[in-house]
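1. Can you look at this prediction? I've put the sequence above it.
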Amino acid sequence: MAGIRGLFIPGPTNVPEPVRRAMDIPMEDQRAPDLPDFTLPLFHDLKRIFKSEAGQVFLFPSSGTGGWEAAITNTLSPGDKVLAARFGQFSHLWIDLCQRHGLEVESVDCEWGEGVPVERYADILAADQGHKIKAVLACQNETATGVTSDIAGVRKALDETRHPALLFVDGVSSIASIDFQMDEWGVDVAVAGSQKGFMLPAGLAILCVSQKALAMAKDAKLHRCYFDFADMIRTNKDGFFPYTPPLNMFRGLRASVDMLLEEGLENVFARHHRLGEGVRRAVAAWNMKLCAKEKRWHSDTVSAIHLPDGFDSNALIRHAYRRYGLSLGLGLAKLNGKVFRIGHLGDLNELMVLSALGTVELVLRDQGVPIKAGSGVGAAIEYFHQTGTALAVAAE
Ligand SMILES: Cc1ncc(COP(=O)(O)O)c(C=O)c1O
């Protein structure tokens, strides 16, 4: 196929040139005496991405799922109770992982398209007078449904009920793209992955852990070896690792953190909001519905879009890929065949989003979905134009 292909799945995302170049280097000595000159500042700057002074960052060669596992096995014991909500495939999978590790999960089932049920959490925590719940799980951005949840609200529920449970946040598809405040929100373990907002290939689970959670690790009895915080802490303090580290990924991570900090985190979040809103304007112009049920839950990194009844989103996604080289996200689990997802995160700008939206329109027309060609792109253009001008004027 001539020309470029479009990667509009919600991760892995496009890897920017500086990050790719940073990784394309000869192999390095993992025990070189000057390695800490590179690794210690990297740990330090990663804390800035999590907005944490007090926390400790861990880098595990793994995907995000390994980060979930590290969070629970380092802090909990078999039979411990955790509170979680299931409102999409990823919140479901984290619950499944907890259960497979022998934890008791109090799971609140929500409609897919809703976010963390903060009021229900507050009621359950208030009723848990004996403090049997040891950890509260919250998926900040449910990638299957395009729903962002209120993590500050979950912290408030814990504080107002004076509940001592740890707060674990899945930020795999939000951290480094959507605001995340580790210390301010009192998060105890935050889990990110390399292949989304960090704009790297898959292969790193990036965690930030509070001192409270690290203290719990001393008594936690769940089995762990590869993901043991203690081994990492022992070696990381001098800038080294307990096993062979993926140094090329770390070099890429350095470049990605530099890009994020240079743009400025708040600008990164604003850019994601702007691009996400452009996609949402297009969806509205197509007369289609987002899976996210309310505006407060709209995700700035991914939109899950319901196709009208009678159309198969798998056929649409296949056609987009085969005919135009455009990758869109599948509808996962019970949303399969019903929704398609547009990932709008990472190394992305208006040019790319408009090109994807135009191609989605072409695909929709090819599939016979009743939309007016240009309607969605036009709405996004208008939004970008209006807000872009306003931004430029404000900056002058
Ligand atoms: C919100 C969320 N959590 C967890 C995961 C699992 O991460 P991984 O596939 O990197 O193991 C994903 C993957 O897409 C995700 O989107």
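-> Now that the structure is in, tell me what you want to look at.

2. Contacts only, for the residue of the stretch 51-200 of the chain found nearest the ligand.
-> In the stretch 51-200 of the chain, the residue that lies nearest the ligand is G64 (2.7 Å; CB to the nearest ligand atom). C-betas here are computed from N, CA, C, even on glycine. The neighbours of G64, taking CB atoms under 8 Å, 6 or more residues apart in numbering as the test, are D170, V172, V191, A192, G193, A205.

3. hmm, 7 Å instead?
-> Counting by CB atoms under 7 Å, 6 or more residues apart in numbering, G64 makes contact with V172, V191, G193, A205.

4. again with D258
-> With contacts defined as CB under 7 Å, 6+ apart, D258 has no neighbours.

5. how near is it to the ligand?
-> 23 Å (CB to the nearest ligand atom, to the nearest Å).

6. what do you get for L46?
-> Counting by CB to the nearest ligand atom, the gap from L46 to the ligand is 17 Å.

7. what do you get for G203?
-> Distance from G203 to the ligand, by CB to the nearest ligand atom: 9 Å.

8. ok, that residue touching F250?
-> No. G203 is beyond contact range of F250, at 10.4 Å (criterion: CB atoms under 7 Å).

9. Between those two, tell me which one has more neighbours.
-> F250 (21 against 17; other CB atoms under 10 Å).

10. what's near enough to touch that one?
-> F250 sits next to L42 when contact means CB under 7 Å, 6+ apart.

11. Pretty sure it sits in a helix.
-> Yes. Using DSSP: H, G, I helix; E, B strand; the rest coil, the secondary structure at F250 is a helix.

12. can you tell me how far it sits from the ligand?
-> 17 Å.

13. What is the neighbour count of the residue of the stretch 251-396 of the chain found nearest the ligand?
-> As assessed by CB to the nearest ligand atom, the ligand sits closest to V302 within the stretch 251-396 of the chain, at 8.3 Å. V302 has 31 neighbours, counted by other CB under 10 Å.

14. And the closest residue to it other than its chain neighbours, its phi and psi?
-> Closest residue to V302 apart from its sequence neighbours, by CB to CB, 6 or more residues apart in numbering: P10 at 3.8 Å. Main-chain torsions, P10, degrees, to the nearest 10: phi -80, psi 50.

15. Tell me who's in contact with M1.
-> G325.

16. Quick check, pLDDT for it.
-> pLDDT recorded at M1 is 88.

17. how close does it get to Y324?
-> Using CB to CB, to the nearest Å, M1 is found at 8 Å from Y324.

18. Over to M23?
-> Separation of M23 from Y324 (CB to CB): 29 Å.

19. Same check on R31?
-> Counting by CB to CB, the gap from R31 to Y324 is 48 Å.

20. the more surrounded of these two?
-> Neighbours per residue (other CB under 10 Å) separate R31 from Y324, with Y324 holding more: 18 against 9.
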